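just a sequence and a predicted model for now, questions to come.
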Amino acid sequence: MAYQYDLFVIGAGSGGVRASRVAASKGFKVAVAEGSALGGTCVNIGCVPKKLFVYGSEYGHGFDEAAGFGWQHEGVSFDWSVLRDNKTKEIERLNGIYGNLLNNAGVELISGFASFVDAHTVEVNGQTYTAERILIAVGAKPFIPDFEGNDLVVSSNEMFYLESLPSKALVVGGGYIAVEFAGILNGLGVDTTLAYRGDQLLRGFDQDVRDFASVEYEKSGIDVRLNTDVASIELVDPQQPNASRLVHFKDGHSEAFGLILYATGRVPNVSTLALEKAGVETVKNGAVKVDRNFTTTADSVFALGDVTDNIQLTPVAIKEAMALIDYWFEAKPVNFDYDNIPTAVFSQPAIGTVGLSEQEAETRGIDFRVYQTDFRPMKHTLSGGTSRSLMKLLVNNQNDKVIGAHMVGDYSGEIIQGLGIAIKAGATKADFDATVGVHPTSAEEFVTFSEGSLKKRD
Ligand SMILES: Cc1cc2nc3c(=O)[nH]c(=O)nc-3n(C[C@H](O)[C@H](O)[C@H](O)COP(=O)(O)OP(=O)(O)OC[C@H]3O[C@@H](n4cnc5c(N)ncnc54)[C@H](O)[C@@H]3O)c2cc1C
Ligand SMILES: NC(=O)c1ccc[n+]([C@@H]2O[C@H](COP(=O)([O-])OP(=O)(O)OC[C@H]3O[C@@H](n4cnc5c(N)ncnc54)[C@H](O)[C@@H]3O)[C@@H](O)[C@H]2O)c1
């Protein structure tokens, strides 16, 4: 049967843009449907604007720290609308670049939200399109739990376009988005509380990293409240358009905030896709079920990125797209390797991590040793800042291979990228020891760990 396209991609985000662009450049006739702005979550309401806000908020501490280096700065003030609007201009510039990339590759762009008619047909704005293959790359959206007053909170989506900043904010959640936005708000001068229902923030990260980061967030000025959950929220004065929100916590305590951000996870964006019409099944959290070649339960339909039940990171969605291209064009089985993916949390201080945590290494029954240090970064000898950095290296005792590296501190996102290459390449502790340090840096600690830094483990 003749189809209109070789490939129809649903969603022009991190994974969808890469897959459609590369498939078209290799000769496929490709269309991509996008219901919102080009570039998806990462470009519009994720990684990029978030990082711009992080840069903006770091000056909040930077002005204080500059005094010890001789800088006088009377009358410094901050204008939220300048940061917000300059950010938006930059994002619009990037939207244009994405449009050009797709155009130049010969991809046909269809504006609107797509849904399935069958396993080879989609519908956008009442028009149908047929394709030999359809790729679902629709990402995820914020999840906000059901409770009284949940219409009074915002998600990360709205944080990028706030009319004004509140004087006092509550962030609920303990994952990436919660700690990153708590840092942003705190740095921009908002009195910030971070409430998490569990014992410690950042579940899944190394326990020492979690404990250390939590203390550092407190020192930076965030009011971190663990084992704290919200029961309900009401408007203090419903007549006022910008009335503050009164939060009733489950422990009986009540407190008013000008803004409440819920960062309680993200769910796959599948509700309007009519997946059942194509025979595409989902797993229990709503994620599209795929095999190791990103093929769904319908042979002609594929899925990747945040809509599947894998790691939700932009470089992962992009690499998955490239792997799928190889599968289609070179008949290479995908066998995507989700081990040793470096990641950074752009909190303040930032966290960088790659490989196994101490707890994961234990669960896997590996015989390993841990090198660990924490120290006051050189900058703070003059800045007066009290923040400290943590570094940690896990080494397999059987073959001397480095199996995990973790850092809390300035530049840890940048530093961990290089360590990711070393660990992926199978570097041993002896290789780290043989590497000459860059002095004076924090990063050199990773190549100078000696017996004296061995952590005593039970
Ligand atoms: C606040 C925040 C910060 C983040 N920071 C980072 C970071 O620093 N580093 C990092 O690696 N990752 C970060 N992420 C995660 C990253 O954004 C995602 O992992 C990544 O965008 C996933 O790419 P994707 O292609 O799967 O989906 P997306 O990029 O979400 O793209 C999906 C696209 O599909 C469109 N769409 C949805 N339904 C339809 C439909 N029916 N028809 C047509 N189009 C549709 C959407 O409008 C969207 O444009 C962050 C996420 C958030 C929310
Ligand atoms: N720097 C980065 O690379 C970056 C930044 C932001 C987001 N991301 C990606 O996006 C994903 C989503 O981020 P996220 O922070 O929304 O999710 P997350 O899964 O990292 O964290 C969600 C948090 O909400 C808590 N939670 C869940 N349900 C709750 C409830 N009912 N009440 C109270 N708390 C609840 C969870 O315990 C968890 O702490 C991340 O896992 C990550 O993969 C990456």
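Done, it's in. What you see is a predicted model, and the numbers here were worked out from it, not measured in a lab. Ligands and ions are numbered 1, 2, ... in the order given.

the longest strand along the chain - contacts with which helices or strands?
In the chain, assigned by DSSP state E, the strand with the most residues is strand 127-136. Contact analysis of strand 127-136 by 3 or more CB pairs under 8 Å, 6 or more residues apart in numbering; DSSP states H and E lists strand 5-10, helix 14-25, strand 121-124, strand 301-303 as its packing neighbours. No exception for glycine: its C-beta is placed from N, CA and C like everyone else's.

the first one pairs with which strands, and in what direction?
Strand 5-10 has these partner strands in its sheet, going by DSSP bridges: strand 30-34 (parallel), strand 127-136 (parallel).

residue contacts, G149?
Going by CB atoms under 8 Å, 6 or more residues apart in numbering, G149 touches 232-234, 245.

per-residue pLDDT, the nearest residue to it once chain neighbours are set aside?
Closest residue in space to G149, ignoring its immediate chain neighbours: I233 at 3.1 Å, by CB to CB, 6 or more residues apart in numbering. In this model, I233 is scored at 97, pLDDT.

surely I233 is in contact with L259?
No - under the criterion of CB atoms under 8 Å, I233 is not in contact with L259, lying 11.5 Å apart.

which residues are common contacts for the two?
R245.

which one's more surrounded, these two?
Remark: of I233 and L259, L259 carries more neighbours, 24 against 20, as counted by other CB atoms under 10 Å.

picking up where we left off before, parallel or antiparallel, list what pairs with the helix or strand containing the residue nearest to G149.
Using DSSP states H and E, the element containing I233 is strand 230-235. Strand 230-235 has its sheet partners listed here by DSSP bridges as strand 245-249 (antiparallel).

only the buried residues of the helix or strand that the partner strand is followed by, if you could.
Proceeding C-terminally, strand 245-249 gives way to strand 254-257 as the next helix or strand, assigned by DSSP H and E. Within strand 254-257, the residues that qualify as buried by neighbour count (16 or more other CB atoms under 10 Å) are F257.

pLDDT of strand 254-257, averaged?
Averaging the model's pLDDT scores along strand 254-257 yields 95.

what helices or strands is that strand leaning on?
Using 3+ CB pairs under 8 Å, 6+ apart, strand 254-257 is in contact with strand 168-172, strand 245-249.

ok, residues contacting that strand?
Applying CB under 8 Å, 6+ apart, the contact partners of strand 254-257 are 166, 168-170, 193, 236, 244-249.

flag every residue of this structure that's near ligand 2.
For the chain, the residues found near ligand 2 under the criterion CB under 6 Å from any ligand atom are 145, 172-178, 180, 197-198, 203, 263-266, 312-313, 343-346.

buried members of those residues into ChimeraX, please.
Per 16+ other CB under 10 Å, the buried members of the residues of the chain next to ligand 2 correspond to this ChimeraX selection:
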select :172,173,174,175,176,177,178,180,263,264,265,266,312,313,343,344,345,346
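
out of the residues of the chain next to ligand 2, which are inside helices?
Where these overlap with helices, as defined by DSSP state H, the overlap consists of 176-178, 180.

any chance of the helices and strands packed on strand 127-136 in CSV, plus mean pLDDT and distance to N186?
Rendered in CSV, the data for the helices and strands packed on strand 127-136 read as follows (pLDDT from 0 to 100; distance: least, CB to CB, whole Å):
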stretch, mean pLDDT, distance to N186
strand 5-10, 98, 38
helix 14-25, 98, 28
strand 121-124, 98, 42
strand 301-303, 98, 37
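
looking at the ones you listed, which is buried most?
Ranked by mean neighbour count, the helices and strands packed on strand 127-136 are led by strand 301-303 with a mean of 28 (mean count of other CB atoms under 10 Å).

tell me where the stretch 51-200 of the chain has strands.
Counting by DSSP state E, counting those that start in this stretch, the stretch 51-200 of the chain forms strands over residues 108-111, 114-118, 121-124, 127-136, 140-142, 168-172, 191-195, given from the N-terminal end onward.

turn those into a markdown table, columns for distance to N285.
As requested, these are arranged in a markdown table below (distance: least, CB to CB, whole Å):
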| stretch | distance to N285 |
| --- | --- |
| strand 108-111 | 29 |
| strand 114-118 | 20 |
| strand 121-124 | 24 |
| strand 127-136 | 15 |
| strand 140-142 | 10 |
| strand 168-172 | 20 |
| strand 191-195 | 24 |
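
export those to TSV and tack on distance to ligand 1?
Converted to TSV, these look like this (distance: least, CB to the nearest ligand atom, whole Å):
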stretch	distance to ligand 1
strand 108-111	8
strand 114-118	4
strand 121-124	7
strand 127-136	9
strand 140-142	6
strand 168-172	12
strand 191-195	15
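
tabulate the helices and strands packed on strand 127-136 (JSON lines), appending distance to I366.
Putting those into JSON lines (distance: least, CB to CB, whole Å) gives the following:
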{"stretch": "strand 5-10", "distance to I366": "40"}
{"stretch": "helix 14-25", "distance to I366": "32"}
{"stretch": "strand 121-124", "distance to I366": "46"}
{"stretch": "strand 301-303", "distance to I366": "33"}
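
what sits against whichever residue of the stretch 1-150 of the chain sits closest to ligand 1?
Ranking the residues of the stretch 1-150 of the chain by distance to ligand 1 (CB to the nearest ligand atom) places G13 first, at 1.8 Å. Counting by CB under 8 Å, 6+ apart, G13 touches 39-43, 137-139, 305, 317.

by neighbour count, which of these wins?
The member of the contacts of G13 that has the most neighbours, counting by other CB under 10 Å, is G305 with 35 neighbours.

what's the spacing between that one and V280?
Plainly put, G305 is 15 Å away from V280 if you go by CB to CB, to the nearest Å.

still on that earlier bit, buried residues in the longest strand of the chain, which are they?
With burial defined by 16+ other CB under 10 Å, the residues of strand 127-136 counted as buried are 129-136.

any idea of the angle it forms with helix 14-25?
110 degrees (axes from the mean of the first three to the mean of the last three CA atoms, to 10 degrees).

now strand 127-136: mean pLDDT?
98.

okay then, goodbye and thanks.
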